[in-house]
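In: Just the structure for this:
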Amino acid sequence: MHQNIDSLAKKTNRLHHLLEDLEPDLIIITEHGLKYEELKNTRVPGYSLVGGYSRSTARKGGVAVFVSEALENVTTSIDTPQKPVELICEFHLIKLKIGKQDLYLLGVYRPPSGNLDVALDIIVNTLDPIPTWKTPTIIMGDINVNNLNLSGDRKKTRR
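Out: Got it, this is the predicted structure:
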């Protein structure tokens, strides 16, 4: 499940209520707006923080990845050579080991003002070391592209 939350600190009760009803195995939260120390101390009942990205200078933004406690032992945070770029492409990559199969999940947030071409290059460079031809890979989040507009940014995401 992905949720753009626009300041998690102010909306933890809403998130908890939503999760009680849906009970997803994975949660990608974008625009959490927390500094990394605050994010590490954030508790979501029934879930563990796998990792995330927090902005160091600008407000808002960021990505956090939580997994249900049942998946905690099969989930790994992946350190990538490509690093997130604040205000351009913020992300966190995890790997789940389900039986003999690996599954990669990239949680992404691109602010509306972030350069889409640069953001897409960052995503490609992040996924490049992963053998995506034989390993399921999911990209989930908010890249702020209007898919109803048949031209412009939408075309760039269809390469």
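In: before we move on, what SS does the residue nearest to residue 144 when sequence neighbours are not counted have?
Out: Excluding the flanking residues, the one nearest residue 144 by Cβ to Cβ, 6 or more residues apart in numbering is residue 112, at 4.4 Å. No exception for glycine: its C-beta is placed from N, CA and C like everyone else's. Using DSSP: H, G, I helix; E, B strand; the rest coil, the structure places residue 112 in coil.
In: Residue 112 - how many residues pack around it?
Out: Using other Cβ atoms under 10 Å, residue 112 has 11 neighbouring residues.
In: Next, name the residue at the spatial heart of this structure.
Out: Among the residues of the chain, the one closest to the centroid is residue 107, at 1.9 Å (Cα atoms, centre = their mean).
In: Show me what counts as buried in the helix or strand where that one lies.
Out: Here residue 107 sits within strand 101-109, counting by DSSP states H and E. Neighbour counts over strand 101-109 (16 or more other Cβ atoms under 10 Å) mark 102, 103, 104, 105, 106, 107, 108, 109 as buried.
In: That strand packs against which elements?
Out: Under the contact criterion of 3 or more Cβ pairs under 8 Å, 6 or more residues apart in numbering; DSSP states H and E, strand 101-109 touches strand 26-30, strand 63-68, strand 90-98, helix 116-127, strand 137-142.
In: Buried residues, the last one. List them.
Out: Burial within strand 137-142, assessed by neighbour count using 16+ other Cβ under 10 Å, is assigned to 137, 139, 140, 141, 142.
In: Save these as CSV, and put in distance to residue 40 too.
Out: Converted to CSV, the buried residues of strand 137-142 look like this (distance: Cβ to Cβ, whole Å):
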residue, distance to residue 40
137, 26
139, 24
140, 21
141, 20
142, 22
